[in-house]
Each structure stands twice: as structure tokens, then as C-alpha cells.
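Peer 1: Coordinates for the following, if possible.
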Amino acid sequence: MGRERVLIVGYSTRAFAEAAGGAGWQCASVDAFGDLDQKARVESLGLVRDLDVPYSAASAVTASRRLSAPCVAYVGNLENHPAAVARLAQGRELLGNPPSSLHAARDFAQLRRLVHAAGSRVPLTFLPGETRPRTGSREFLRKPLRGGGGEGVRALAPGARIARTELAQERIDGVLGSIAFLADGTRARVLGLARGLAGDEAFGARGYRYCGSLFPLGVSDRALERLDAVVQSATRAFRLVGLNGMDFVVRDDQPFVLELNPRYSASMELIQRAGLTDLFALHADACRGSLPPSLPSPAPGVWGKAIVWARHNASAPETRAWLERDDIRDVPFPREHIRARTPVCTVLAHARDVDACRAVLLASARSVERALAPSREPARASSAVPR
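Peer 2: Residues are numbered from 1 along each chain as shown. Predicted structure coming up:
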């Protein structure tokens, strides 16, 4: 029997497509970028580059009909668009959470009730239509209800109104983290925890934008037990399958759950690099109802990734040599125009501890930035890759 073939769709599919290839699957993809390294590895459609179509969940699903595969999977931001996922799955096996699970898992009111029932906490949060009482000196953030990656998150001024498409959430000081888990609809198995990097100016990021992860993240047994309780409850309540992630902030051994991401998440690439090489096969098996009896321990050290954000309009160098490097991914095409405050590429590292891993990531980011040339080319939304 030949290798199974899967089509992966979403905003940035490279890491999940790489996981599929590493697990022995044939893969095709549709995403916003269609980067140089993606096209070197799999059959790939980049919406803007290849079709001159701005990225949206709907346009990605429409374009997916150009590629054949008996199985489909998705990455962010399709979890916010259950109707698009339903269209994607028509006539194909869906390796991921179905629309009914997405509706429930991305409903913050349901998630809040579940977290409280599981004995854990969420930051003080107000949804559209809920009255905000006086909250003293607490700081709040305004977040899109259909957000992802920290996009659109910003400080909420005292007394300001939030839109019907937003929620207001208390800002919690602590360590930003994510927990990755496999689920079969009734049970879950934790894969690991990672520290999240957001708005780190050292990598050119601003505000609360996601810009990388460090794996593993150590937390107390008490915090891990609380997170696992939420993961198990969410799996049963929302009938979650396959790979899922949950973001949190941990303070004084108390995790505050921020959101549930019912799909492959960015930090999972590091779990794969740390030794779980058949990650995609485990995802497919879990979607089909089978969890592994055990998992290998991760390799020693700390594994890191960082997204390098452009500080100014820039032009990529001759990047074909980057394809030979194992520490760089999401490679732009040679001489490609890159808009300010958009991603350039992803750098990867492995070192003995957190400080050493971060230092390697910073050195790689600086090297990428030095290679960029200034550009004054105007960015045209209809034809410039949205970096």
C-alpha cells in the first residue's frame, strides 16, 4: 500500500506539512505564502503568489479544490471558520476537529465555564454584552473573538467600549505558555509545554504578536495537574480529536487559561524536533480514535524557534542557499519585497538551556536582518505576499 496523501490548508502550513513529510505522508498545501522552502518540499499553492488572491479562510478552501487528496487537515486560522472547515471536508476524510467541536471550543463563554468546573482559572474576562463593573487598577486587553497569534490584541483604555467582535480580558503578569496534547474524543495525552514569545522587540515583533517558542517549559506538578484537568475536560466536552493546544499564563503555580486552539499550533514544531518525529502520524491516528500507549522522552536541552519580523520595508537577499540550512524555515524568494512589520522567516535553535537557546536565536535573527536590503518598493495588497 502506498503512502497516504493529505492536503493541508491554512494561513501558514509549512511546519505541519513538514511534520507530515517526516511521518511518511505525501503532502500538498494551500496557504498565504507558498514560500521557497515549502515549494521545494511539497506541492504548494500560495494564494497571493500563485493566484493573486488575498488570503482568507474562504479563499484558501476554494483554492484547495485545485489539489486532490483523500485526506485534509488544517492549521490556523481555520478554527475560527467552522463553515469553511465543513466545505474543506466535503468528499474527504477530515484529519482534525469537525465544525461542531470548533463552534464549542472557540466559544469563550463555554470554555470559561469548563475551566472553572475543572478547578482552574481564566483571567477576568468580559464578552460582548456583559457589563463591566469597576475593576480598580486592573489592566485589560482588548482581543478579537476570532483572533490568533496575538494579532489585534492591544491595551484597553479605562472606560473604553469594546466592539461586538472583541472581548476584554485582564492582563496577567506571569510566564506565557502553551500545552500541546493529543485527543481521541474522550481522552487526551499531553505532549509537552512550551514557553511563548510575544511582542519581543529583539526579533522585530511589536505589541502582543506571537514571535516564537521555547521547549520545554517547566512548571510545578500542581500547575501541570491543573492544566491536565482542563485538557481532559475540554476533550470530553468538545469531543476534541488529533492535535490541540491551549495557551495560558502561569503565575505562582496557578495557570490562567487564555484560549483553546483546537488544531496544530506553532510550538508543536519544537516537540517534533525534540524527538517526536512521527507527530503527524500520531495526529492522524488520534483523529481515527487511537492514542499511543506511551511517548518518547524529548531529547535533552532546549529547542527554540523565533519569527523574524521586518523592522522596515526590505528586499530579501539571494535565499536559495538558505534551503541547505536546518536552522531557517519559511524562506522568502530571492529579491522578494517584504513589508515592514511582517514576518521575514523563522529561525530555529537547540542549546543546553533557555539562555543559550535564546542567544542562538538572536544571533540567527541578526544574521537574517543584516542580509536584508532596504526597499522602497510600494506594497500592493493585490500582488505582494503578505509578510
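
Peer 1: Thought Glu166 was touching Leu145, still the case?
Peer 2: Yes. With contact defined as Cβ atoms under 8 Å, Leu145 reaches Glu166; the gap is 6.3 Å. From N, CA and C alone the C-beta is placed, and that goes for glycine too.

Peer 1: From Leu214, how far off is Ala356?
Peer 2: As for Ala356, its distance to Leu214 is 11 Å (criterion: Cβ to Cβ, to the nearest Å).

Peer 1: How about the contacts made by Leu279?
Peer 2: Taking Cβ atoms under 8 Å, 6 or more residues apart in numbering as the criterion, Leu279 is in contact with 19, 22-23, 243, 268, 271-272.

Peer 1: Now do the shared contacts for Leu145 and Glu166.
Peer 2: Contacts common to Leu145 and Glu166, judged by Cβ under 8 Å, 6+ apart, are Pro128.

Peer 1: more crowded one of the two?
Peer 2: Glu166 (22 against 17; other Cβ atoms under 10 Å).

Peer 1: so what pLDDT did the spatially closest residue to that one that is not a sequence neighbour get?
Peer 2: Nearest residue to Glu166, sequence neighbours excluded (Cβ to Cβ, 6 or more residues apart in numbering): Arg142, at 5.1 Å. On pLDDT, Arg142 comes in at 91.

Peer 1: ok, now Arg134?
Peer 2: The model's pLDDT for Arg134 equals 66.

Peer 1: Can you give me the distance of the nearest residue to Arg273 once chain neighbours are set aside to Phe215?
Peer 2: Using Cβ to Cβ, 6+ apart and skipping the chain neighbours, the partner closest in space to Arg273 is Trp303 (5.4 Å). Distance, Trp303 to Phe215, by Cβ to Cβ: 5 Å.

Peer 1: which residues do the two both contact?
Peer 2: Common neighbours of Trp303 and Phe215, counting by Cβ under 8 Å, 6+ apart, are 270, 274.

Peer 1: Show me which of the two is the more surrounded one.
Peer 2: Phe215 (27 against 24).

Peer 1: Can you tell me how far the more buried one is from Ala83?
Peer 2: 33 Å.

Peer 1: go on, Tyr210?
Peer 2: From Tyr210 to Ala83 the distance is 25 Å (Cβ to Cβ).

Peer 1: Neighbour count: those two, which is higher?
Peer 2: Legend: neighbour count by other Cβ under 10 Å for Tyr210 and Ala83, higher for Tyr210 (24 against 13).

Peer 1: beta partners of that one?
Peer 2: Ala198 (DSSP bridges).

Peer 1: Where does pLDDT dip in this structure?
Peer 2: Residue ranges of the chain with pLDDT under 70: 1-2, 132-135, 376-387.

Peer 1: In it, what residue spans correspond to helices?
Peer 2: Assigned by DSSP state H, the helices in the chain fall at 14-22, 36-41, 47-51, 57-64, 82-88, 99-105, 108-117, 221-238, 268-273, 279-287, 354-371.

Peer 1: closest one to Glu324 among these?
Peer 2: Between Glu324 and these, the tightest spacing by Cβ to Cβ is seen for helix 36-41, at 10.4 Å.

Peer 1: what about dumping the CA coordinates of the closest one to PDB?
Peer 2: What follows is helix 36-41 as a C-alpha-only set of coordinates in PDB (Å, rounded to 0.1, in the frame of the first residue of the first chain):
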ATOM      1  CA  LEU A  36      10.600  28.900  -1.300                       C
ATOM      2  CA  ASP A  37      11.300  26.000   1.100                       C
ATOM      3  CA  GLN A  38       7.600  24.900   1.100                       C
ATOM      4  CA  LYS A  39       7.600  24.700  -2.700                       C
ATOM      5  CA  ALA A  40      10.900  22.700  -2.600                       C
ATOM      6  CA  ARG A  41       9.300  20.100  -0.400                       C
END
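
Peer 1: Quick one: residues in contact with that helix.
Peer 2: Against helix 36-41 from outside (Cβ under 8 Å, 6+ apart): 13-14, 17-18, 21, 27, 29, 31, 44, 46, 319-320, 322-323, 329-334.

Peer 1: What's the ChimeraX line that selects buried ones from those residues?
Peer 2: In ChimeraX syntax, the buried subset of these is picked out as below (16 or more other Cβ atoms under 10 Å):
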select :13,14,17,18,27,29,31,44,46,319,322,329,330,331,332,333
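
Peer 1: In strands, which of the contacts of helix 36-41 fall?
Peer 2: Taking DSSP state E as the definition of strands, these contribute 27, 29, 31, 44, 46, 329.

Peer 1: Fine by me, we can end here.
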